[in-house]
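*Asks:* compute the structure for the input listed below.
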Amino acid sequence: EMQRSVEQEMHWKRTWMPSTSARAAIQQLHMPKYHDKLVEDMGFGACRKSNPLFEVFVPYTARDYRPIFGLADTTKSSNWMRLKETLAVIL
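*Replies:* Model prediction:
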C-alpha cells in the first residue's frame, strides 16, 4: 500500500514538475505538503504559525519547526521578525 502511494505521488509530481537537473531545488512547490504530512505523522499539528494569516501568506522557515524539537525561539530578533511578518501581511 505504501509503495503504491509513493509511486502515485511520484507520478503526479512528474506530470507537473519540469524535468530538469535542478528539480530538487524547486522544493517550495511540493515540500510543504510533505512536511505537513511528516509533522502530522509525528503527532504535531501541521499549522506551525501563531497567526492564521501567517499560515496563508508567510512562507515557512526552519524557525517554525523549532518547538517540535523542544527548542525555544531564541533568535534575538524574533520579535522584530514577527513584526516584519505582520507588516508584510498587512501591506
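*Asks:* how about the helices in this protein?
*Replies:* Using DSSP state H, the helices found in the chain span residues 2-16, 31-41, 52-57, 78-90.
*Asks:* which parts of the one helix or strand in the chain whose mean pLDDT sits lowest are buried?
*Replies:* Ranked by mean pLDDT, DSSP states H and E, the weakest helix or strand in the chain is helix 78-90, scoring a mean of 71. Burial within helix 78-90, assessed by neighbour count using 16 or more other C-beta atoms under 10 Å, is assigned to Glu85. Where you see a C-beta, it was placed from the backbone N, CA and C, and this is true even at glycine.
*Asks:* next one: it to chain centre, how far?
*Replies:* Here the centre of helix 78-90 is set off from its chain's centre by 18 Å, with C-alpha atoms, centre = their mean, to the nearest Å.
*Asks:* got the contact list for stretch 47-54?
*Replies:* With C-beta atoms under 8 Å, 6 or more residues apart in numbering as the test, stretch 47-54 has contacts from 39, 55, 58, 60, 64-65, 67, 82, 85-86, 89.
*Asks:* what's the most distant pair in these?
*Replies:* Maximum pairwise distance among those (C-beta to C-beta): 23.5 Å, between Val39 and Thr86.
*Asks:* in TSV: the helices of the chain, plus distance to Ala72.
*Replies:* Listed next are those as TSV, based on distance: least, C-beta to C-beta, whole Å:
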stretch	distance to Ala72
helix 2-16	34
helix 31-41	18
helix 52-57	19
helix 78-90	9
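*Asks:* roughly how far apart are the residue nearest to the spatial centre of the chain and Glu40?
*Replies:* Centroid-nearest residue in the chain: Pro32, 3.8 Å away (criterion: C-alpha atoms, centre = their mean). The gap separating Pro32 from Glu40 is 12 Å, by C-beta to C-beta, to the nearest Å.
*Asks:* how about Arg82?
*Replies:* When C-beta to C-beta is the yardstick, Arg82 and Glu40 sit 25 Å from each other.
*Asks:* where does the prediction get shaky in this structure?
*Replies:* Along the chain, the model assigns pLDDT under 70 to residues 17-18, 21-30, 73-80, 91.
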